[in-house]
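A.B. asks: sequence isn't available, so here's the structure alone:
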């Protein structure tokens, strides 16, 4: 029995399908990192993998809606055991090397695109920071909010209209495009660091 159990662990492998592998790694990295990684870092890793899953599915303007649904689906029914997570984590690191990277991401050179990406990423992380603040630790929330406000102030309706982004759908499409493109640059926390948010 123990031999069979050991063999099953050794053969734990990621699915060839990108979306399925990303879903598995979202659970794996959280399980493997619990107790050693900060909650914000685990949130970043989980979100990065959910973004990979959404991208593999081919989502477009519905990116944020699908990301929310995926996050709920992945978090609702964990299918990875602690033992399997130990075997799968190195595979996830090889397949998705930026998920646990601590190096700051490379932001777009265009200032407007950079602001849009920082706005989208910090807005994503703000939700997690709000949950953490309920337990009495508002450090992450305060730091994110401090950087998010000037971005919100810059991305006014008038500014967006000047760029042909007068409708909510047009802005959401741009935001989705920038977020999807950022997957190849780094995880959300790495992007946040590049946007000037540190120490979370």
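C.D. replies: It's in. Because the structure is predicted, anything quoted here is derived from the model rather than measured. Residues are numbered from 1 along each chain as shown.

A.B. asks: what are the contacting residues of the longest helix that the chain contains?
C.D. replies: Taking DSSP state H as the criterion, the chain has its longest helix at helix 111-133. By C-beta atoms under 8 Å, 6 or more residues apart in numbering, the residues outside helix 111-133 that reach it are 39-40, 43-44, 47, 67, 107-108, 138, 140-141, 144-145, 147-148, 151-152, 154-155, 163, 174-175, 178-179, 181-182, 188-189, 191-192, 195-197, 200. C-beta coordinates here come from the backbone N, C-alpha and C atoms, glycine included.

A.B. asks: so after it, what's the next helix or strand?
C.D. replies: Downstream of helix 111-133, the next assigned helix or strand under DSSP states H and E is helix 139-154.

A.B. asks: return the distance of the helix or strand following that following helix from the chain's centre.
C.D. replies: Following helix 139-154 in sequence order, the next helix or strand is helix 157-162 (DSSP H and E). Distance of helix 157-162 from the chain centroid (C-alpha atoms, centre = their mean, to the nearest Å) equals 28 Å.

A.B. asks: what helices and strands are in contact with helix 157-162?
C.D. replies: The contact analysis (3 or more C-beta pairs under 8 Å, 6 or more residues apart in numbering; DSSP states H and E) places helix 157-162 against no helix or strand.

A.B. asks: now that helix: mean pLDDT?
C.D. replies: Averaged over helix 157-162, pLDDT sits at 92.

A.B. asks: for that helix, which positions count as buried?
C.D. replies: Buried residues in helix 157-162, counting neighbours by 16 or more other C-beta atoms under 10 Å, are found at residue 160.

A.B. asks: residues contacting that helix, please?
C.D. replies: By C-beta under 8 Å, 6+ apart, the surrounding residues in contact with helix 157-162 are 166, 170, 171.

A.B. asks: and the closest residue to the first one other than its chain neighbours, how far is that from residue 64?
C.D. replies: It refers to residue 166. With sequence-adjacent residues excluded and distances taken as C-beta to C-beta, 6 or more residues apart in numbering, residue 166 is closest to residue 160, at 6.4 Å. Residue 160 is 17 Å from residue 64, where distance means C-beta to C-beta, to the nearest Å.
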